[in-house]
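> fold the stuff below for me.
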Amino acid sequence: MRNFWNKIISKIDTPVWLEIFFAVLILLRIPSFFEPYYYGDEMIYMTLGEGIRQGVPLYSGLHDNKPPLLYLTAALAGNLFMFKVLLAIFSLFSVYLFWKLVKNLFPNKKRLQMVSTLLFGIFTTLPTLEGNIANAENFMMLFTLLALNLFFVAKDNLKKIFWVGFLFSIATLFKIVAAFDILAIIAFWVIYTRLKTQDLKLLVTKILALTLGFVIPIGLTFVWFYFAGSIKEYIVAAYLQNIGYVSSWRASDIQKPFLEKNAPLLIRFVIIVIGFIILWLKRNNLSKQFVFITAWLLTTLFAATLSERPYPHYLLQSIAPTAILFGMLFTLKNIEQVMVIVPLTLFFFVPFYFKFWHYSTINYYKNFIQFATKQIGKVEYFNRFSEKVSENYEVAKFLKTSARPNEKVFVWSNDSSAIYTLSKRLPPTKYVADYHFRDFSNPQEVIDILSKTFPKFIVITENSYTFPELDEFVQANYYIVREIGSSQIWLYIKR
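Prediction:
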């Protein structure tokens, strides 16, 4: 056993600066281990993860619109602290794999390797782009980087290319946008394929091997959910609803014709194609590294802007190629040092044009230092993340002590998923967030479900949108047993 581990360690040949950087990244992640249950997406993942732990089937029993691996990861974690620990582990391995990728691309450029890796590690860790949040982008990039490392040693080896596709499929099972990175590989192959029969046949064969590897893991999930009896719900939630997610930020355009509504998306696709054509035309004057990295950046930016929503964690998918381009800008001494300005300009244009949000890194660490040095208490620290955090904790504590683990509770609140995961009590519906009801349900369906299940407790907060039927149902069948802040907790009256 000792010899086995010695062999493994000997293969991980990392420079001293990278090992020091790992320690810095761990230090930067320490505050994330003390974050409260507050971030909406994380709370949804944790709620579905708790559902899995309690035997509730995904999609048919509890709903969200991502593939299953993120929820399975949350289930494996079991609580937010361990979820953040898993995130840190994934992140450190991603940084290592990124360094290996840059080393493979630029074997004799140690300064470029260092600059690129430092930038990648920092911007996938800091809260500026939500590197501290357990979103799908932070998990899927590990498998994307694994795939790309294998890709650059695969050459024309079809078996290895198959496994490249397989790894991309695993990344896609965290979030569908990971699939767009494959387009960079295909574009790279096409750009450097000569118009000869033999070369074209090899191109088709490689694409088929890549596609086969990509299809198998996703196909196996279809088989699993088919036998689990929830194949329809899986297809709708994890795939079809994501089609509707495209350009969904422009709510006023929903009723417009398809071409008019999706014109911005089609324009962005045309820009990518034009970019590929330019790379093809200039391929003899550019290094293969520059061509691939630019093509990779184009595909990731397209993925990041699919929905046109300004969430900063979407940009994490583009950080890897951007970091390499910055490394080239700061360290190369040839014409490509100047040419990287073109794709980098595109990277900065995207968040400016789409008005991407960003979060204060300084305040994040300042608040934690004040908390760690006892300048502020736990309640104040938590409430700096969201003013409702302490109230949610109190409501969840009441539910956890007043309802048995198998008893259902129903929370009508903007923070419903946080209360579910904190209390480890699940709803009688498959929807766990307020926007799920707005997007996929209606008031009558809510009342029908409540009328059949009569959950032991119903929680309604003032900051949530209510409707007359819910008020009437609650008044007729429940009475208030507790008020915590703006939250009313109603107990079912057995008749």
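
> what's the domain layout of this structure?
With domains defined by automatic domain parsing, the chain comprises 15-353, 389-492.

> ok, which of these comes nearest G377?
For G377, the closest of the domains of the chain is domain 389-492, at 10.5 Å, according to C-beta to C-beta. All C-beta atoms are positioned from the backbone trio N, CA, C, and that covers glycine.

> quick one: contacts of stretch 50-65?
44-45, 47-48, 68, 71-72, 74-75, 78, 225, 228-230, 233-234, 236-238, 241-242, 245, 405, 420-421, 424, 426, 430-433, 436, 440 (C-beta atoms under 8 Å, 6 or more residues apart in numbering).

> can you select the buried ones from the residues you listed in ChimeraX?
To isolate the buried members of the contacts of stretch 50-65 in ChimeraX, using 16 or more other C-beta atoms under 10 Å:
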select :44,45,47,48,68,71,72,74,75,225,230,233,234,236,237,238,241,242,420,421,424,426,430,431,432,433,436
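
> the contacts of stretch 50-65 in helices, which ones?
44-45, 47-48, 71-72, 74-75, 225, 233-234, 241-242, 245, 420-421, 436, 440 (DSSP state H).

> and the host helix or strand of A88, what does it pack against?
Using DSSP states H and E, A88 sits within helix 80-105. Secondary-structure packing of helix 80-105 (3 or more C-beta pairs under 8 Å, 6 or more residues apart in numbering; DSSP states H and E): helix 16-29, helix 40-53, helix 69-77, helix 110-123, helix 136-154, helix 288-304, helix 316-331.

> which of those helices sits closest to F93?
helix 136-154 (5.5 Å).

> next helix or strand past the closest one?
With DSSP H and E, the next secondary element past helix 136-154 is helix 158-172.

> the inter-axis angle of that next one versus helix 136-154?
For helix 158-172 and helix 136-154, the angle between their directions (axes from the mean of the first three to the mean of the last three C-alpha atoms, to 10 degrees) works out to 170 degrees.

> could you name the helices and strands sitting against helix 158-172?
Here helix 158-172 touches helix 136-154, helix 181-191, helix 197-227, going by 3+ C-beta pairs under 8 Å, 6+ apart.

> which of these sits most buried?
Sort the helices and strands packed on helix 158-172 by mean neighbour count, taking mean count of other C-beta atoms under 10 Å, and helix 136-154 sits at the top with a mean of 23.

> can you list contacts of it?
Residues outside helix 136-154 that contact it (C-beta under 8 Å, 6+ apart): 66, 69-70, 73, 87, 90-91, 93-94, 97-98, 100-101, 104-105, 124, 131, 160-161, 163-165, 167-168, 170-172, 174-175, 178, 181, 185, 313-314, 316-317, 320.

> just the buried residues of those.
Buried residues within those, defined by neighbour count using 16+ other C-beta under 10 Å: 66, 69-70, 73, 87, 90-91, 94, 97-98, 100-101, 105, 124, 131, 161, 163-165, 167-168, 170-172, 174-175, 178, 181, 185, 313-314, 316-317, 320.

> now name the helix or strand holding the nearest residue to V481 once chain neighbours are set aside.
Excluding its sequence neighbours, the residue lying closest to V481 (C-beta to C-beta, 6 or more residues apart in numbering) is L491, at 4.5 Å. Per DSSP H and E, L491 falls inside strand 487-492.

> average pLDDT across that strand?
Mean pLDDT, strand 487-492: 96.

> just checking, what packs against that strand?
Counting contacts by 3+ C-beta pairs under 8 Å, 6+ apart, strand 487-492 packs against helix 389-402, strand 457-461, strand 478-484.

> angle of it against helix 389-402?
Counting by the same axes, to 10 degrees, strand 487-492 lies at 20 degrees to helix 389-402.

> burial of R438, as a residue count?
11 (other C-beta atoms under 10 Å).

> give me the residues contacting the helix or strand it falls within.
Element membership of R438 [criterion: DSSP H and E] is helix 434-440. The contact list for helix 434-440 (C-beta under 8 Å, 6+ apart) reads 63-64, 241, 412-414, 416, 431, 446, 464-465.

> how much space between the residue nearest to the spatial centre of the chain and Q241?
Closest to where the C-alpha atoms of the chain average out (C-alpha atoms, centre = their mean) is A136, at 2.0 Å. Computed as C-beta to C-beta, to the nearest Å, the A136 to Q241 distance reads 15 Å.

> low-confidence ranges, the stretch 201-350 of the chain, go.
The stretch 201-350 of the chain contains residues with pLDDT under 70 at 243-261.

> one step back: how far is the next helix or strand after the helix holding R438 from where the chain is centred?
Going down the chain from helix 434-440, the next helix or strand is helix 443-453, by DSSP H and E. Distance, stretch centre to chain centre, for helix 443-453: 32 Å (C-alpha atoms, centre = their mean, to the nearest Å).

> what do you get for stretch 397-417?
Stretch 397-417 has its C-alpha centroid displaced from the chain centroid by 26 Å (C-alpha atoms, centre = their mean).

> residues of it that come out buried?
Neighbour counts over stretch 397-417 (16+ other C-beta under 10 Å) mark 398-399, 402-403, 408-417 as buried.

> go on, stretch 387-399?
Residues of stretch 387-399 classed as buried: 388-396, 398-399 (neighbour count, 16+ other C-beta under 10 Å).

> return the member of those nearest to I267.
Scanning these for proximity to I267, where the rule is C-beta to C-beta, the winner is K388, at 39.7 Å.

> contacting residues for the closest one?
414-415, 461, 463, 485.

> confidence-wise, which of these comes last?
Among the contacts of K388, N463 carries the lowest pLDDT, at 69.

> out of the helices and strands packed on helix 80-105, flag the one nearest A476.
Nearest of the helices and strands packed on helix 80-105 (C-beta to C-beta): helix 40-53, 28.1 Å.

> list the buried residues for the closest one?
By 16+ other C-beta under 10 Å, the buried positions in helix 40-53 come out as 40-52.

> which of those residues sit farthest apart?
Spatial extent of the buried residues of helix 40-53 (C-beta to C-beta) is set by the pair G40 and I52 at 19.2 Å.

> returning to what we had before: quick one: residues in contact with the strand holding L491.
Applying C-beta under 8 Å, 6+ apart, the contact partners of strand 487-492 are 391, 395, 398-399, 413, 454-462, 474, 477-483.

> the same query, at a cut-off of 10 Å, please.
Identification of contacts with strand 487-492 by C-beta atoms under 10 Å, 6 or more residues apart in numbering yields 388, 391-392, 394-395, 398-399, 402-403, 407, 409-413, 415, 419, 450, 453-464, 474-475, 477-483.

> one more: stretch 332-348?
Outside stretch 332-348, the residues that touch it by C-beta under 10 Å, 6+ apart are 106, 109, 111-112, 271, 275, 278, 282, 285-287, 289-290, 293-298, 300-301, 304, 315, 318-319, 321-322, 324-331.
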